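Peer 1: Could you look at this predicted model? Sequence included:
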Amino acid sequence: MRETDQMENRQYDVVVWGASGFTGQLVVEYLLRQYPPGGELRWAIGGRNKEKLQELLQKWCPNDAQPDLVIADSHDLDSMNCLARSAKVVLTTVGPYARYGSELVKACVENGTDYCDLCGEVQWMQKMIDRYQAAAAQSGARIVMSCGFDSIPSDIGVWSLQQHALSRHGAFCEQMTLLVRKLKGGPSGGTIASMLNAIKEALRDKNVARILQDPYALNPQQKRSGPDGRDQSNARYNDDAQVWTAPFIMAGVNTRVVRRTNALLDNAYGNTFRYQEATIVGPGIGGRIRAMLMSIGLRLFLIASAIPFTRRMIIEKRLPKPGEGPTRQQQEDGYFDLLLIGQLRDEQRLRMRIKGDRDPGYGSTSKMLAESAVCLALDNLDIDGGIWTPASAMGGAILRRLVDNAGLSFDLE
């Protein structure tokens with residue numbers, strides 16, 4: 001169990017690890033606006049390069065109070081232990097996490113330090129769950145992965161709609177579908193790098209390929225089965241929304257996080273709860289054709305990513321790399337608009353609109369991650385140590401923070 005007195009004596013509430021990276025800088029800029037140094041939140045920024053961090057601080061706040069610097073190395077366990085011991089919470093943007101994240105998780109678990117990230121790498125997340133769940137429960141470390149667009153809108157949206165279902169109807173929805181209405185924003189270089197890394201791992205190791213295809217890959221080891229099958233891979237008509245849909249590329253992460261939440265909440269949503277995600281394309285024959293073309297395009301992208309030549313010469317050259325992303329204007333002009341449809345046992349439907357006011361991959365994600373760290377650091381959460389999901393760990397506390405501070409909304413329709 002967590003030693004409360006020991007946690008109160010930590011030097012910082014939050015350390016932003018990877019502060020000089022593209023997403024890390026956005027997190028720091030948000031914290032400077034929302035939680036300026038010297039206020040209620042004691043926070044610092046961390047990275048390998050002291051000079052680069054100092055330059056960024058001079059750019060961000062040359063004449064104002066500045067956060068402290070914490071210098072460490074992702075592949076040096078002693079250095080990671082020092083980082084973990086300095087903070088209540090370590091917020092990390094340093095991915096792909098399968099390459100740069102394992103030592104930090106180990107250090108946080110061993111030192112009873114809370115942790116949050118942006119991970120969408122299912123194969124690595126399962127490894128961390130299987131390796132550290134028991135140790136985190138023992139040390140009191142609360143490890144919360146996928147605290148960005150992957151997978152807070154999905155996970156907190158489902159949790160929120162289930163609370164409405166229980167309040168209005170006295171029962172949870174038996175199944176839910178999240179449909180992407182609109183997305184506007186630049187592609188995320190970090191997400192692309194993580195996806196390509198997962199594909200490379202799957203090609204080298206058939207077990208990784210099996211994990212990526214398993215709908216319940218992130219559930220606790222004894223609960224990796226259920227009624228859901230593989231993610232949607234082709235054009236499909238949705239009767240509730242009366243539109244044609246295509247696969248949603250983030251579904252492979254989001255659906256598994258939502259299912260893990262249900263498992264961690266002792267199957268509160270039900271043993272037969274089902275959850276899927278897709279992208280709305282449109283009605284009629286035109287919608288069907290576009291949905292088919294989108295499905296084929298996604299399949300071709302995955303095939304090209306799996307072939308070394310096309311991956312190097314086309315995918316990696318033309319798409320953003322880690323540290324690259326949309327311009328400031330593109331971030332501010334971006335948004336997301338999602339529709340969540342829940343079905344109760346009596347076939348009644350509940351609908352929720354989930355919106356974000358910045359591009360999903362960076363502008364909105366950075367705010368979600370920052371508020372997740374603040375929630376872990378400052379809010380009174382009724383959970384012990386372990387590897388959690390956003391909804392199972394933070395529930396209503398993070399929902400309030402997202403709505404009040406981070407430009408998200410979760411509204412019944």
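Peer 2: Everything's here; your move.

Peer 1: Okay, domains of the protein per the record?
Peer 2: Under the assignment automatic domain parsing, the domains of the chain span 4-148+363-406, 152-360.

Peer 1: quick one, which of those domains is nearest to residue 412?
Peer 2: Closest approach to residue 412 among the domains of the chain is made by domain 152-360 (5.7 Å; CB to CB). All C-beta atoms are positioned from the backbone trio N, CA, C, and that covers glycine.

Peer 1: show me where pLDDT drops low in the stretch 101-250 of the chain?
Peer 2: Scanning the stretch 101-250 of the chain for pLDDT under 70 picks out 187.

Peer 1: What are the boundaries of the strands in it?
Peer 2: Per DSSP state E, counting those that start in this stretch, the stretch 101-250 of the chain carries strands over the ranges 114-116, 142-144, 175-184, 236-238, 243-246.

Peer 1: Could you dump these into TSV with mean neighbour count added?
Peer 2: TSV is the format used below for the strands of the stretch 101-250 of the chain (neighbours: other CB atoms under 10 Å):
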stretch	mean neighbour count
strand 114-116	30
strand 142-144	26
strand 175-184	19
strand 236-238	15
strand 243-246	24
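
Peer 1: Now distance to residue 383 too, for the ones you listed, in JSON lines please.
Peer 2: Formatted as JSON lines, the strands of the stretch 101-250 of the chain follow (distance: least, CB to CB, whole Å):
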{"stretch": "strand 114-116", "distance to residue 383": "10"}
{"stretch": "strand 142-144", "distance to residue 383": "6"}
{"stretch": "strand 175-184", "distance to residue 383": "23"}
{"stretch": "strand 236-238", "distance to residue 383": "35"}
{"stretch": "strand 243-246", "distance to residue 383": "35"}
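
Peer 1: Of the domains of the chain, which is nearest residue 413?
Peer 2: domain 152-360 (4.2 Å).

Peer 1: Tell me which other helices or strands the longest helix along the chain touches.
Peer 2: In terms of residue count, the longest helix belonging to the chain (DSSP state H) is helix 284-306. Helix 284-306 sits against helix 189-204, strand 243-246, strand 274-282, with contacts defined as 3 or more CB pairs under 8 Å, 6 or more residues apart in numbering; DSSP states H and E.

Peer 1: quick one: residue 386 and residue 159, what's the gap?
Peer 2: The spacing between residue 386 and residue 159, counted by CB to CB, to the nearest Å, is 17 Å.

Peer 1: swap in residue 400?
Peer 2: Distance from residue 400 to residue 159, counting by CB to CB: 12 Å.

Peer 1: who touches the longest helix of the chain?
Peer 2: 195-196, 199, 203, 233-237, 243-247, 249, 279, 281-282, 310-311, 314-315 (CB atoms under 8 Å, 6 or more residues apart in numbering).

Peer 1: got the angle between that helix and helix 189-204?
Peer 2: Going by axes from the mean of the first three to the mean of the last three CA atoms, to 10 degrees, helix 284-306 is angled at 70 degrees with respect to helix 189-204.

Peer 1: List the buried residues of helix 284-306.
Peer 2: 287-288, 290-291, 294-295, 298, 301, 305 (16 or more other CB atoms under 10 Å).

Peer 1: same question, stretch 73-81
Peer 2: Going by neighbour count (16+ other CB under 10 Å), the buried part of stretch 73-81 is 74, 79-81.

Peer 1: Check those and tell me the two furthest apart.
Peer 2: 74 and 81 (12.5 Å).

Peer 1: Sketch out the low-pLDDT regions of the stretch 301-413 of the chain for me.
Peer 2: Residues of the stretch 301-413 of the chain meeting the criterion pLDDT under 70: 322-323.

Peer 1: Helices of the stretch 1-150 of the chain, start to end?
Peer 2: Taking DSSP state H, counting those that start in this stretch as the criterion, the stretch 1-150 of the chain contains helices spanning 4-8, 22-34, 50-60, 77-85, 97-100, 102-110, 122-139.

Peer 1: among these, which is the most enclosed?
Peer 2: Mean neighbours per residue, mean count of other CB atoms under 10 Å, is largest over these for helix 102-110, with a mean of 23.

Peer 1: And the pLDDT at residue 38?
Peer 2: Residue 38 is assigned 89 on the pLDDT scale.

Peer 1: Against residue 410, how distant is it?
Peer 2: From residue 38 over to residue 410 (counting by CB to CB), the distance is 32 Å.

Peer 1: what's the answer for residue 269, then?
Peer 2: Taken as CB to CB, the span from residue 269 to residue 410 is 17 Å.

Peer 1: Pick the most deeply packed of the domains of the chain.
Peer 2: Counting by mean count of other CB under 10 Å, domain 4-148+363-406 has the highest mean neighbour count of those, with a mean of 21.
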